[in-house]
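Undergrad: Have a look; sequence and predicted model below, questions after that.
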Amino acid sequence: MRFFCLLLLVFCCQALPGQVFEAQNWTYVPIDSSKQKWGDWAQPEWLRYFGLDAGDVDRDGLLDVISGRYIYHNPGGDMLDDWKRTALDDNVDGIFYTDVDNDAFADIIAMALPNVYWYEALDKQGRSYRKTLISSVPATSHVNSQGFEKADVIPGGKVELLIAGNGNVYAISIPEKLKEGELWPTHLIAGNTSDEGIGYGDIDGDGDVDLVCGRRPEGEDEPTILVWFENPGHTETPWPSYVVGHTEHPIDRIEIADLNGDEEADIVMAEERYPGLEPDGSLFWFSARANLKTEWDKHLIVTQYSSNNLDVADIDADGDIDLLTGEHKGKVLELQIWENDGQGQFTKHVIDTGKENHLGTQWIDLDADGDLDIIGAAWDDYKRQHVWINQQRSPISISEVTYEGAPHFLISTEKINYYYDRQGGGFSRIIDQDGNDWVSFKKEPWGEYPASAASAFRGLPNLVWQGEDDGAGHPGHQKCNSWLDGNQVVTESKSGKWKWRWSFASGYAHLEVIKTDPDRGYWFLYEGTPGGKYQPDQTYFGTNISNPSQAQYDYFKNNLLKQNLRWAYCGVNGLDRVLYMIQLKADQQEDIISTLGNSEKGIASSDGMTVWGFGRNEKPAALLQTPQQFVIGFYPKEVDSVEKHQTFANYIDQKFLKTNSKMK
């Protein structure tokens, strides 16, 4: 079985079925109507900007939009108020929001090819920036590139920055140690391509990220050959390539997703038409044959006016992948969602008209409410910058309650109720739909080893151990202050050295560690009761490197499963769900899974807890140093076989892992 990563959201929407396809459930917001173009400052005078991305530039928990040299600051609330605009000081095309140096200030990557620059914010509001030249990529016939993506093509460390320049794709690596005046490593990895879209995902199921691009036939100017490039595990030399298929018109946008539910990577692509006077540009998807290195089967979705933009996501939360595109040409200029029936058959839904898009329509959760909004940018009508707000939000309510004598936030979602200790900065209860409490924190006995494994040791994420902030992130302690920012919970240690933010969707929650103490490590730890009670003989685990197992690990006897994990899950025999945890940024640190009983009998004790986390070893020592992001959630099926484990792994890849590079 082959697995692949899918360009989805970091936090996929949980829409109400069907309603997301109705136009009245989307609100259009023109966040700019006076945007200028590249050609207003430099040649050629007709050239527009290509860049479009989003990120939390001003650290308010909401995503801001980056397009060309402009940053549009999200006003929050219903997002209908004025989006204040910040202009970079130079005529550059901003293409990526990404974390370069692990600090509290925003980082933007921009191009003015052949130059590529890093813009580092000088204030937390993201209003002023320092420019640094980081790389050189050959200019295109349009000066700047129309193909750029962030992708973790070499696992570990930060994502690579991919840019198509003058017929090749280049990978720029962010150095672990930044040195002033030193360019970042840049390598040609995909040769003989075009300057248009780049698709990325695991085509061959070997666990790494491959690429898909258009290629120009010899002697021709336009790309009409679809090609995939096999990742050899490095970026030092160009990757081998294989033809997927051919098109009549130029290949423009490309995405990778499982469109027909066979758990194999498919490729969807849109043709470009210029000048686009006729509706003769097609949207195709390609399914692989047994031999990936031979041509794939080609399926037509629609032939219409040139689209020039494309995105994929499970927008209606029905388990299959839907498509988003918008017409770049024509009289109607439809913004379209193509609903998938799960087998690669699509139904068109028009959610707006009259707004032209170019390299635009992208799904992204701008307001952290658990559903996907849309951002877009234009070419012909370049002065306009688009946002469509998705009004079908997952119901999330937050109220103030008391539990075990401490003030809590109760975060209620469709599938999970969380009790968050406001002074401790951690979850004391995580209750599933059947009423099972997977944490079961109790105040007493307090601080007794191992007796408190049945009470006060329990919690999540339990970040800080020892030192001035000992207990920050752990329920029952009083080292933190917590407050609400919309539907997010923000916590800061009373020392000011630590800060983190929780966001919530229907079936999972996302933690962003914003600030860490440079003099102390931390871990992300679940200590609790799978299925609602201590039952180690019925509990099983699976990880990204091991299948489900009921092997017993006894923490009291220093018996631990020690691996370098990206994700893991635990479940209970006969229960139709598992709790999973994901570390979104890969590292090389040790992680553990074990069970601590509440007596010297160890795992045979009458009560106790699971001990499971990232960045902890057997000493124990806290190994994480820099800001990280994590996801916890329930997967609504038992994972008690190798086949089900593989399906779960595919689910995690699709929903989260590739998307941590693109905050959707």
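TA: Received the coordinates, thanks.
Undergrad: Looking only at stretch 465-483, what residues are buried by neighbour count?
TA: 465, 469, 471-477, 479-480, 482 (16 or more other CB atoms under 10 Å). For the C-beta atoms, the positions are set from N, CA and C on the backbone; glycine is no exception.
Undergrad: do the same with stretch 341-361
TA: 344, 346, 349, 351-352, 355-361.
Undergrad: Would you agree residue 155 is in contact with residue 586?
TA: Yes - A contact is recorded between residue 155 and residue 586 when judged using CB atoms under 8 Å, the distance being 5.6 Å.
Undergrad: Looking at the two now, which is surrounded by more residues?
TA: A count of neighbours by other CB atoms under 10 Å puts residue 586 above the other of residue 155 and residue 586, at 17 against 12.
Undergrad: From residue 90, how far off is that one?
TA: Using CB to CB, to the nearest Å, residue 586 is found at 33 Å from residue 90.
Undergrad: quick one: average pLDDT of stretch 92-111?
TA: Average pLDDT, stretch 92-111: 93.
Undergrad: scratch that, stretch 39-55
TA: In the prediction, stretch 39-55 has an average pLDDT of 97.
Undergrad: Contacts for it next, please.
TA: Taking contacts as CB atoms under 8 Å, 6 or more residues apart in numbering, the residues outside stretch 39-55 that touch it are 37-38, 63-69, 91, 93-98, 106, 108, 110-111, 142-146, 148, 358-360, 362, 364, 366, 375-377, 379, 382, 662-663.
Undergrad: now the end-to-end length of it.
TA: End-to-end distance for stretch 39-55, by CA to CA, to the nearest Å: 26 Å.
Undergrad: Show me which parts of it are buried, residue by residue.
TA: Judged by neighbour count using 16+ other CB under 10 Å, the buried positions of stretch 39-55 are 39, 47-55.
Undergrad: for stretch 203-222, same thing?
TA: Taking 16+ other CB under 10 Å as the criterion, stretch 203-222 shows 203-205, 207-216 as buried.
Undergrad: coming back round to it: relative to residue 506, which of the buried residues of stretch 465-483 is nearest.
TA: Within the set of the buried residues of stretch 465-483, residue 482 lies nearest residue 506; the separation is 22.1 Å, counting by CB to CB.
Undergrad: Give the full set of residues in contact with that closest one.
TA: The contact partners of residue 482, by CB under 8 Å, 6+ apart, come to 409, 420, 422-423, 425, 489-492.
Undergrad: In helices only, show me the buried residues of stretch 341-361.
TA: In this view, those have no member that belongs to helices under DSSP state H.
Undergrad: okay, who's weakest in those residues by pLDDT?
TA: residue 360 (87).
Undergrad: right, and it touches residue 380 too?
TA: No - using CB under 8 Å, residue 360 is not in contact with residue 380, being 11.8 Å away.
Undergrad: Which stretches in the stretch 451-600 of the chain count as strands?
TA: In order along the chain, the stretch 451-600 of the chain carries the following strands (DSSP state E, counting those that start in this stretch): 480-485, 488-493, 499-504, 508-515, 524-528, 539-543, 546-549, 561-563, 567-572, 578-583, 591-597.
Undergrad: Now do the helix-or-strand element of the chain with minimal mean pLDDT: which elements does it pack against?
TA: Taking all helices and strands of the chain together, the one with the lowest average confidence (mean pLDDT, DSSP states H and E) is strand 397-403, at a mean of 88. Here strand 397-403 is seen to pack against strand 406-412, strand 417-421 when contacts are counted using 3 or more CB pairs under 8 Å, 6 or more residues apart in numbering; DSSP states H and E.
Undergrad: Out of these, which gets the lowest mean score?
TA: When the helices and strands packed on strand 397-403 are compared on mean pLDDT, strand 406-412 scores lowest, with a mean of 93.
Undergrad: Show me what it is in contact with.
TA: Strand 406-412 is contacted from outside by 396-402, 417-424, 428, 475-476, 482, 484, 489, 504, 509, using CB under 8 Å, 6+ apart.
Undergrad: which among those residues end up buried?
TA: Burial by neighbour count, 16+ other CB under 10 Å: within the contacts of strand 406-412 this picks out 396, 398, 417-424, 428, 475-476, 482, 489, 504, 509.
Undergrad: And for residue 586, nearest residue in space, chain neighbours not counted?
TA: residue 156 (4.9 Å; CB to CB, 6 or more residues apart in numbering).
Undergrad: quick one: contacts for that neighbour?
TA: Going by CB under 8 Å, 6+ apart, the list of residues near residue 156 reads 586-588.
Undergrad: Closest to residue 240 out of the residues you listed?
TA: Distance to residue 240 across these (CB to CB) is lowest for residue 586, with 24.6 Å.
Undergrad: Is the closest one in contact with residue 152, as I believe?
TA: Yes - Residue 586 is in contact with residue 152 according to CB under 8 Å; the separation is 7.4 Å.
Undergrad: and residue 385, what are its bridge partners?
TA: Using DSSP bridges, the beta-bridge partners of residue 385 come out as residue 32, residue 377.
Undergrad: burial of it, as a residue count?
TA: Burial measure for residue 385: 25 neighbouring residues, criterion other CB under 10 Å.
Undergrad: So it versus residue 374, what's the distance?
TA: Residue 385 is 12 Å from residue 374, where distance means CB to CB.
Undergrad: same check, this time on residue 656
TA: When residue 656 is compared with residue 374 (using CB to CB), they lie 20 Å apart.
Undergrad: ok, now residue 242?
TA: 33 Å.
Undergrad: So which of the two has more stuff around it?
TA: Between residue 242 and residue 374, counted using other CB under 10 Å, residue 374 has the larger neighbour count: 26 against 17.
Undergrad: give the contact list for the closest residue to residue 409 other than its chain neighbours.
TA: In space, not counting the residues next to it along the chain, residue 409 is nearest to residue 420; the distance is 4.4 Å by CB to CB, 6+ apart. Residue 420 makes contacts with 408-411, 426-428, 482, 489, 502, as judged by CB under 8 Å, 6+ apart.
Undergrad: I appreciate the help and will end here.
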